[in-house]
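In: Pasting the sequence and the predicted coordinates here, then a few questions.
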Amino acid sequence: MINQSTPLGSKRLKDTEFTLYGWNTCMQFFKNRPDDLCRLFFSKQRSSALGSVKKWCAVKKLPYRELDLESLNKVASATHHEGVVMVVRPILPSSIYPFIKAGLGKKGIAVALDCIGNTHNLGAILRTCAFFGVEGMVISNQEGQARLTSSAARTAEGAMEITPIYQCTDLASALRDFMSRNVYVIGTDLNAKQSFYDIEIRFPCVVVFGNEQNGLSSSVKKRCDQVVRIPGTEKIQSLNVAVATGVILSELTRRRGSKT
């Protein structure tokens, strides 16, 4: 899971509260971390389905309120809330170093993001990681890396509560540390000569996906055991990075399940 330490104390309100919206996102949160719920808002249509959550709020003396559509839009700062908004205590990504030290499973897979800038892509990748059972997603705190915003959480459809998220200061250094523990590092680049389907995969492995416009940075590329591309018809230059993540993880899941 993401580190559940909460930045409280002297922090500003926006740092101590986080808005979640969307049915799957909110319900996955409540399943995992009900004690971190602060306030609940919902539409008339969702009222009965939220019976257990409203009961929890009543017992814990937490504010909960039925709102009209316009008011829900304002609370969520979005229109795709599906009739439920939760204000929760935020959680921070864990440090990468305990994750590296603990090591991946024998056939474990992790995903690393080299400055993915779009929050929707970040959320979609997180959702894909959860679907394929990725052991951790690594992001850096470098400029250009999208943050775990409310819209990213909405796109992730609850995966933010499932896939562990780790943060590092320098991704290239983190990959070097993975390699020192015999973790195979695969970089993805649309200009790579080697097809992903033609290489031999060693597990455990980390797959690195680059920035939507610039691809992998040179420092990260140097830390990869292999840099590969996903072959296509070449009528379109490349896949969306979130789609590419799904293609790669699907094939890795197939291979690690193969007895050959």
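Out: Done, it's in.

In: the helices in this structure, which residues?
Out: Using DSSP state H, the helices found in the chain span residues 13-16, 23-32, 51-60, 69-76, 96-102, 119-131, 150-156, 171-180, 218-221, 241-257.

In: possible to save the ones you listed as JSON lines with distance to Cys38?
Out: Backbone N, C-alpha and C define where each C-beta goes, glycine included. Putting the helices of the chain into JSON lines (distance: least, Cβ to Cβ, whole Å) gives the following:
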{"stretch": "helix 13-16", "distance to Cys38": "9"}
{"stretch": "helix 23-32", "distance to Cys38": "11"}
{"stretch": "helix 51-60", "distance to Cys38": "10"}
{"stretch": "helix 69-76", "distance to Cys38": "12"}
{"stretch": "helix 96-102", "distance to Cys38": "28"}
{"stretch": "helix 119-131", "distance to Cys38": "22"}
{"stretch": "helix 150-156", "distance to Cys38": "14"}
{"stretch": "helix 171-180", "distance to Cys38": "33"}
{"stretch": "helix 218-221", "distance to Cys38": "38"}
{"stretch": "helix 241-257", "distance to Cys38": "30"}
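
In: hey, least reliable of these by pLDDT?
Out: Ranked by mean pLDDT, those end with helix 13-16 at the bottom, a mean of 61.

In: so which of the helices of the chain gets nearest Phe41?
Out: Smallest distance to Phe41 across the helices of the chain (Cβ to Cβ): 5.1 Å, for helix 69-76.

In: To Val228, which of the helices of the chain lies closest?
Out: Taking the helices of the chain one by one with Cβ to Cβ, helix 241-257 is closest: 8.7 Å.

In: what helices or strands is that closest one leaning on?
Out: Secondary-structure packing of helix 241-257 (3 or more Cβ pairs under 8 Å, 6 or more residues apart in numbering; DSSP states H and E): strand 109-114, helix 119-131, strand 184-188, strand 205-210.

In: change it to 6 Å
Out: Judged by 3 or more Cβ pairs under 6 Å, 6 or more residues apart in numbering; DSSP states H and E, the packing partners of helix 241-257 are helix 119-131, strand 205-210.

In: gap between it and the chain center?
Out: In terms of Cα atoms, centre = their mean, to the nearest Å, the centre of helix 241-257 is set 15 Å apart from its chain centre.

In: That helix: which residues count as buried?
Out: Within helix 241-257, the residues that count as buried by 16 or more other Cβ atoms under 10 Å are 241-242, 244-246, 248-249, 252-253, 256.

In: what does stretch 26-38 give?
Out: Neighbour-count burial for stretch 26-38 flags 26-30, 32-33, 36-38 (criterion: 16+ other Cβ under 10 Å).

In: Mind checking the helices of the chain for the one nearest to Lys44?
Out: Per Cβ to Cβ, nearest to Lys44 of the helices of the chain: helix 69-76, 9.5 Å.

In: just to revisit the earlier point, in a markdown table: the helices and strands packed on helix 241-257, plus mean neighbour count.
Out: Shown next, in a markdown table, are those (neighbours: other Cβ atoms under 10 Å):
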| stretch | mean neighbour count |
| --- | --- |
| helix 119-131 | 23 |
| strand 205-210 | 24 |
